[in-house]
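Chemist: Fold the stuff below for me.
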Amino acid sequence: MFGDAKVKIDKDLLEKIKKYAAIAGYSSPEEFIQHALEKEILNLEEAGSEEEIKKKLRGLGYIS
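Modeler: You can find the predicted model right below:
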């Protein structure tokens with residue numbers, strides 16, 4: 001899934017990922033996760049400066 005890297009995902013979230021990956025026509029949950037992460041990274045890159053990115057991540061609750 002992530003090469004040599006391993007990522008822990010909450011069981012309930014993983015079930016949702018599997019469900020919506022299938023509904024959306026992804027070939028696998030891994031493909032769905034990769035696409036979602038790529039979209040979010042693109043959004044962050046378009047946000048501009050590091051401070052703007054931190055502000056957005058705080059707003060999303062990812063950092064405090």
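
Chemist: Name the residues of the helix or strand bottoming out on mean pLDDT in the chain that are buried.
Modeler: Between all helices and strands in the chain, the lowest mean by mean pLDDT, DSSP states H and E belongs to helix 50-60, at a mean of 83. Neighbour-count burial for helix 50-60 flags Ile53 (criterion: 16 or more other CB atoms under 10 Å). Any C-beta I mention is one placed from the backbone N, CA and C, and that applies to glycine too.

Chemist: Show me what it is in contact with.
Modeler: The contact list for helix 50-60 (CB atoms under 8 Å, 6 or more residues apart in numbering) reads Asn43, Leu44, Ala47, Ile63, Ser64.

Chemist: mind listing what the second one touches?
Modeler: When contacts are counted by CB under 8 Å, 6+ apart, Leu44 touches Ile53, Lys56, Leu57.

Chemist: Helices along this structure, start to end?
Modeler: Taking DSSP state H as the criterion, the chain contains helices spanning 11-24, 29-47, 50-60.

Chemist: So what's the residue count around Asn43?
Modeler: The local packing of Asn43 (other CB atoms under 10 Å) involves 11 other residues.

Chemist: okay if I get the contacts of helix 50-60 as TSV plus pLDDT and distance to Ala22?
Modeler: Converted to TSV, these look like this (pLDDT from 0 to 100; distance: CB to CB, whole Å):
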residue	pLDDT	distance to Ala22
Asn43	81	25
Leu44	78	27
Ala47	72	31
Ile63	85	32
Ser64	80	34
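
Chemist: May I ask which two of these are separated the most?
Modeler: Asn43 and Ser64 (20.0 Å; CB to CB).

Chemist: give me the low-pLDDT residue ranges for this protein?
Modeler: The chain contains residues with pLDDT under 70 at 1-3.
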